[in-house]
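Visitor: Can you look at this prediction? I've put the sequence above it.
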Amino acid sequence: MNAPKPIRADARRNRDALVRAAREIFAEAQADAPFEDVARRAGVGAGTLYRHFPNRNALIASVFEEEVVALRDRARHLLETRPPDEALAAFLREMVDHMYGHRGLARTFFAVSEAAGGDLSDKGRLMEGAVAAILDRGVEQGLLRGDIPVGTLMLALHGIGVASVHSDHRAEADGIVQLLIDGLRRT
C-alpha cells in the first residue's frame, strides 16, 4: 500500500497562506468575493489557488476544518488544565465569543453547508468529540449530569450560531450558555 506523497514545504506554505487569506476575506463578509482575490491576498498566482482548491466550496471546507480543529484543540486544552465543569463553562463562553466575533465567517459556513446538504457538519463532529470528552470526564468525576447527550449541547450551540448570524442578541446568547452550564452541573 502506498503512503500519500508528502506535501513540499513551499506547497504547504502556499496552501496555508491561501486558507488564511480566505478566512480573512470570509470573515469580512465577502463570501462572494472573486476566487482570484484569495490568491492575490495570499500572494500567489491563480494556478496555485486552483491546484490546491478546485472550487470555492473546497476552499471554504478547508477554512471550516481549520476552525473546527482549532476549537477542538482549545476544548482539549481546557479539559487538561481545568476541572471538567469549569472547562465546559469556559469552552461554551469562548464558543459564543468566537461566533459573535466571526459572524461573516459563520455566514459563509452556513450558506455553504446549507447548499451542500450539510456537508460541513461531518467536520463539526471533531469538535463534538472534544465536547463529549469534557462531558464524560465531568460525569466520571460527579460534576456534570450524565443524562444530557452531547448532541443536545451541540444543538444548543448550533442554535446560538444561527442566532449570531442573524441577530445581535449577544446578551441572550450568554444567558443561554449560563442556563446550559447551570443545567449540566450536578447539584
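Guide: Nice, thanks for sending it over.
Visitor: the domain parsing of the chain - what is it?
Guide: Using automatic domain parsing, the domain parsing of the chain gives 8-54, 56-184.
Visitor: Run the chain-centre distance for the shortest one.
Guide: Going by CA atoms, centre = their mean, to the nearest Å, the spacing between the C-alpha centre of domain 8-54 and its chain's C-alpha centre is 19 Å.
Visitor: tell me the mean pLDDT over stretch 101-120?
Guide: Mean per-residue pLDDT for stretch 101-120: 65.
Visitor: What of stretch 126-134?
Guide: pLDDT averaged over stretch 126-134 gives 91.
Visitor: And for stretch 39-56?
Guide: 93.
Visitor: can you pull the buried residues of that stretch?
Guide: Ala39, Arg41, Ala42, Val44, Thr48, Leu49, His52, Phe53, Arg56 (16 or more other CB atoms under 10 Å). C-beta coordinates here come from the backbone N, C-alpha and C atoms, glycine included.
Visitor: what does stretch 135-155 give?
Guide: Leu135, Arg137, Gly138, Val139, Leu143, Leu144, Val150, Leu153, Met154.
Visitor: can you pull out the helices in the chain?
Guide: For the chain, applying DSSP state H gives helices covering 9-27, 35-42, 46-52, 56-81, 84-101, 103-115, 121-140, 150-166, 170-184.
Visitor: angle of the fourth one against helix 9-27?
Guide: The directions of helix 56-81 and helix 9-27 differ by 90 degrees, with axes from the mean of the first three to the mean of the last three CA atoms, to 10 degrees as the criterion.
Visitor: helices or strands up against helix 56-81?
Guide: helix 9-27, helix 35-42, helix 84-101, helix 103-115, helix 121-140 (3 or more CB pairs under 8 Å, 6 or more residues apart in numbering; DSSP states H and E).
Visitor: can you tell which of the ones you listed is closest to Leu71?
Guide: Leu71 sits nearest to helix 121-140 of all those, at 5.2 Å, using CB to CB.
Visitor: Ile25 reaches Arg41, doesn't it?
Guide: Yes. Ile25 is in contact with Arg41 according to CB atoms under 8 Å; the separation is 6.5 Å.
Visitor: who's in contact with the most centrally placed residue in the chain?
Guide: The centre of the chain sits closest to Val68, judged by CA atoms, centre = their mean, with a distance of 3.4 Å. Each residue near Val68 by CB atoms under 8 Å, 6 or more residues apart in numbering is listed here: Lys123, Gly124, Leu126, Met127.
Visitor: and of those, the nearest to His158?
Guide: Gly124 (8.6 Å).
Visitor: Pull the contacting residues for that closest one.
Guide: Val68, Met154.
Visitor: going forward, begin numbering at 2 instead of 1
Guide: With 2 as the first residue, the last one maps to Gly125.
Visitor: how far out from the middle of the chain is stretch 48-62?
Guide: 19 Å.
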